[in-house]
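Asker: What follows is a protein structure lacking sequence information:
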């Protein structure tokens, strides 16, 4: 082979190449961004907006529905989901994975420009790539707390966080956003709090006051020329906050009525609508998100350094501190350290297997050098392709440890065989490499080809697993280059003085004799073919595990979600819920009870909240989960609590949650059916957790004011005037903005607090007719209820039944139970226009299975065509592929054995294992077929060629198989952080390789000996051949 010959002629060039690969590999390893998982781009565009004090119904009718109208018919939209809460609304547009998102984003912006004007005080819609309530997990969380010597409340520092903390953190390279968690914090307002009784007494009409305040703006008159100079003409019509009290709102009997006569003007925060505590102390939660592709560990370290600077500066000056809660680096270090240790352990095991076969230190070292050269060179390519160092890519390296040895083993074994035949070192290296080059190229090409469909998958699963495929592809490709250059060079130089006897020659002879004996007659061969193909296929079908979506990657934390009674205000939630939880958690936080807590936080808002708790000893998280469920969250007034171990792939239930979207035009009937569905789920899946989102019992009590149009006309008012007054009597009417060249504040006109509905309708109002009437003369008060949240899917009102199967149940089994036992009951109870859709993991699993099936078939086709070209025979290509059923049953059996110890469904990553296994198990078949055909081309009888192929290739087959298996064994057996990600995949590959290797050595000789025209003559059979003994017996 030319490349081998060139290397043998120029050893210094090869040494320089090795040094280059090692040096630049170490450099790339140091520069690669480190994170837990690969970056995943979701084809989602989010539109979010707000409208102060608006109810969910108003948000739906005035904002959500008009936006949906202009976006209807957008090309490529798979789902349009929307949510309307009090004062806030969002719309998520989900597209197909092949959508050009930048072009689509421009199209969305263009359509939004055609949107009719929104209410004057509504926020302009913000359009971003990525969905609301399901985006990238936070890089970390910090909580701002006041120190004991600080007399102020933590709520007084919201502005400090926005103006000092957030800009400081966002200046760090790699930080995309740092701000108050769950959206923007409460910004300061310029509040004008008026006394409605005083206003009515003075005859001040409230709509007129609002109009005057709204018209108090600066006005520019442009430029005027005066003499030789040009002047700006400008009216300073805006009032400063300290001057607003002197604003004349009306003249009465020659005397002015000032705004200060009826109102107090002050800058303050709006009414709080959320609350945070950490470790029992009032706090402000600060969420920090990273930029896509940023080095997680480097960014986290920079954040911690910046926090230390803030603690020594502005935080110390104000008697404040910041305490970290969630730290992603902890799990990343654990997971990466585990994979790294598995890699080193796998290397030791693989090298140990090498030495057992070769029993020569130098020969073992020659092959073992392939590992560092290939793996370090892989880091260069990972950096070049813009990848990151994560658990998935490192798992790929761990799987590649044994695989990169395959080519080197075959080359060295063939060189050694020729040296045993007294060939000269350079001749043995050149000829030995050339003899196996075709087989090595075929096996490497098939391995690379099998991964191509995975590398280029565009869906979320493909993005997650492409790093695994790419890493193995690069490592195996480089190992081929090393095998045909460095290995023959070192073999020609280092093996000159060693004894080159194969200590296991007797074992190979016995195995060869056994195979030739049991495949001697056509009847024996047909029986074995029938059994070794049909039995594995049948066993695979019977033993195939249940399907799941993604492996449940758990954190050492317990997450809890709360649902509070409708309309419970934040003060009541603090007093009856948060304070009780803090009291119950205190003994665990102080270490008085076990397990001791590392930290915990509580975030609440009207209607719901969340809590996260972490233990000092990560092995005791199950104990904490039991305590949270049975002690911490029990007997809370009218509160529902859902607790589970934290999941790295998502929120409640992670990617195991099954959302069932239920739709109908009759809202009352829809709510009734959804509530009944929870009971039906309990019957079908007793151990599953289920809830309805939004909750059917979450209706907010509503004071609905029905206008009396005749009375309004008599008083000279319109419904618009009355609407403005109602806003003033509630959370306040937005009348404009104030900008002081530093920050912008909303100007809010709001009545002083009233105590009960009777006080509201009895408030006096001055009207244009000069009279004073109570509000009750203008409206009728109706006590009713309204939704506190509204969800829409594809422009229809939707209630979502969220079902989380137990940990020991696969997603497929849970989905089957829902479809057979629950869905028919729901459909029967719904009206004729009702509908059911599955979303989340259920929908993703269905799509992923279709994609995986297509890619599996594509991989088979690529293998067949590629080997047909390499072997120049479609028949031989088909023979190699017939070894696949044996590998499939091996993988399935390994999973069933693993299930006896740990629950292991067939998730998507495990399915990738079957694809990887295809590229590995065909390598042994390729070696046998290639050697057999080579001998036949030299004139050898078919039966003798098969026997010789077995005798010559058994050692490299067992060496490569066992080094691959033992290199992956730590991934299968070693427990620890993140091991669940690749345990099933490792089981499939190890099981498949074990079974296929054993039985392929029987099945392929059966096929290869079929169709032989004649038995060899006795004189042509070597003395020690099993064929000679069988012929003599015959």
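Answerer: Nice, I can see it. Here the structure is a predicted model, which means the values were calculated and not measured.
Asker: make it CA atoms for all contacts and neighbour counts henceforth
Answerer: OK.
Asker: Domains in the protein, by residue range?
Answerer: Split into domains by automatic domain parsing, the chain comes to 1-31+359-501, 43-134, 189-218+232-268+700-787, 554-644.
Asker: Run the chain-centre distance for the shortest one.
Answerer: It stands for domain 554-644. Computed by CA atoms, centre = their mean, to the nearest Å, the chain-centroid distance of domain 554-644 equals 25 Å.
Asker: Tell me which of the domains of the chain sits most buried.
Answerer: domain 1-31+359-501 (a mean of 21; mean count of other CA atoms under 10 Å).
Asker: any chance of the domains of the chain in CSV, with mean pLDDT and distance to residue 344 too?
Answerer: Below are those laid out as CSV (pLDDT from 0 to 100; distance: least, CA to CA, whole Å):
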stretch, mean pLDDT, distance to residue 344
domain 1-31+359-501, 82, 8
domain 43-134, 85, 37
domain 189-218+232-268+700-787, 86, 56
domain 554-644, 87, 25
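Asker: Identify whichever of those domains lies nearest to residue 225.
Answerer: Closest of the domains of the chain to residue 225 is domain 189-218+232-268+700-787, at 9.0 Å (criterion: CA to CA).
Asker: how far does the closest one stretch from start to finish?
Answerer: The first residue of domain 189-218+232-268+700-787 is 27 Å away from its last residue (CA to CA, to the nearest Å).
Asker: Name the helix or strand for residue 987, please.
Answerer: For residue 987, the enclosing helix or strand under DSSP states H and E is helix 979-1009.
Asker: Can you classify the residue nearest to residue 578 when sequence neighbours are not counted by secondary structure?
Answerer: Closest residue in space to residue 578, ignoring its immediate chain neighbours: residue 602 at 7.4 Å, by CA to CA, 6 or more residues apart in numbering. Residue 602 falls in the strand class when you classify it by DSSP: H, G, I helix; E, B strand; the rest coil.
Asker: partner residues bridging residue 602?
Answerer: Applying DSSP bridges to residue 602 gives these bridge partners: residue 277, residue 611.
Asker: Mind listing what's buried along stretch 968-987?
Answerer: 968-972, 977-987 (16 or more other CA atoms under 10 Å).
Asker: A strand includes residue 782, no?
Answerer: Yes. Membership of residue 782 in a strand is supported by three-state DSSP.
Asker: how far out from the middle of the chain is the top helix by length along the chain?
Answerer: What stands out as the longest helix in the chain, according to DSSP state H, is helix 460-494. The chain centroid and the centroid of helix 460-494 are separated by 28 Å under CA atoms, centre = their mean.
Asker: elements contacting that helix?
Answerer: Contact here means 3 or more CA pairs under 8 Å, 6 or more residues apart in numbering; DSSP states H and E; on that basis helix 460-494 packs against helix 2-9, helix 11-31, helix 361-368, helix 370-384, helix 391-403, helix 405-420, helix 425-455.
Asker: Now tell me what touches the first one from outside.
Answerer: The one in question is helix 2-9. With CA atoms under 8 Å, 6 or more residues apart in numbering as the test, helix 2-9 has contacts from 13-14, 426, 430, 433, 484-486, 488-489.
Asker: Past the longest helix of the chain, which element shows up next along the chain?
Answerer: Scanning forward in sequence from helix 460-494 by DSSP H and E, the next helix or strand is helix 505-518.
Asker: and that following helix, which residues are buried?
Answerer: Buried residues in helix 505-518, counted by 16+ other CA under 10 Å: 508-509, 512-513, 515-516.
Asker: quick one, the helix or strand following that helix and helix 505-518 angle?
Answerer: Per DSSP H and E, the first helix or strand lying C-terminal to helix 505-518 is helix 522-543. Relative orientation of helix 522-543 versus helix 505-518 (axes from the mean of the first three to the mean of the last three CA atoms, to 10 degrees): 100 degrees.
Asker: Excluding covalently adjacent residues, which one is nearest to residue 212?
Answerer: Spatial nearest neighbour of residue 212, excluding adjacent residues (CA to CA, 6+ apart): residue 249 at 7.3 Å.
Asker: Now do the host helix or strand of the one you found: everything it contacts.
Answerer: Here residue 249 sits within strand 248-252, counting by DSSP H and E. Strand 248-252 is contacted by residues 204, 209, 212, 256-259 when judged by CA under 8 Å, 6+ apart.
Asker: Considering those residues, which is situated nearest to residue 480?
Answerer: For these, the nearest to residue 480 is residue 212 (81.4 Å; CA to CA).
Asker: how far away is the closest one from residue 431?
Answerer: For residue 212, the distance to residue 431 (CA to CA) stands at 97 Å.
Asker: swap in residue 574?
Answerer: 81 Å.
Asker: Residue 40 too?
Answerer: On the measure of CA to CA, residue 40 and residue 431 end up 47 Å apart.
Asker: and residue 749, what are its phi and psi?
Answerer: Note on residue 749: its backbone torsions stand at phi -100, psi 120 [degrees, to the nearest 10].
Asker: Tell me what it is bridged to.
Answerer: For residue 749, the beta-bridge partners are residue 192, residue 733 (DSSP bridges).
Asker: correct me, but it touches residue 192?
Answerer: Yes. Between residue 749 and residue 192 there is a contact under CA atoms under 8 Å: 4.8 Å.
Asker: circling back: mind checking how far the strand holding residue 249 is from the chain centre?
Answerer: That offset, for strand 248-252, works out to 62 Å (CA atoms, centre = their mean).
Asker: Likewise for stretch 737-747?
Answerer: With CA atoms, centre = their mean, you get 39 Å for stretch 737-747.
Asker: Can you give me the end-to-end span of that stretch?
Answerer: Stretch 737-747 has an end-to-end distance of 5 Å (criterion: CA to CA).
Asker: Quick one: residues in contact with that stretch.
Answerer: Stretch 737-747 is contacted by residues 187-192, 734-736 when judged by CA under 8 Å, 6+ apart.
Asker: Closest one to residue 805 out of the residues you listed, please.
Answerer: Using CA to CA, the contacts of stretch 737-747 come closest to residue 805 at residue 187, 40.9 Å.
Asker: So what does the closest residue to that closest one other than its chain neighbours look like in phi/psi?
Answerer: Nearest residue to residue 187, sequence neighbours excluded (CA to CA, 6+ apart): residue 269, at 6.3 Å. Here is the backbone geometry of residue 269 (degrees, to the nearest 10): phi -80, psi 150.
Asker: How many neighbouring residues does residue 269 have?
Answerer: 17 (other CA atoms under 10 Å).
Asker: Need the pLDDT of it.
Answerer: Among the per-residue scores, residue 269 shows a pLDDT of 79.
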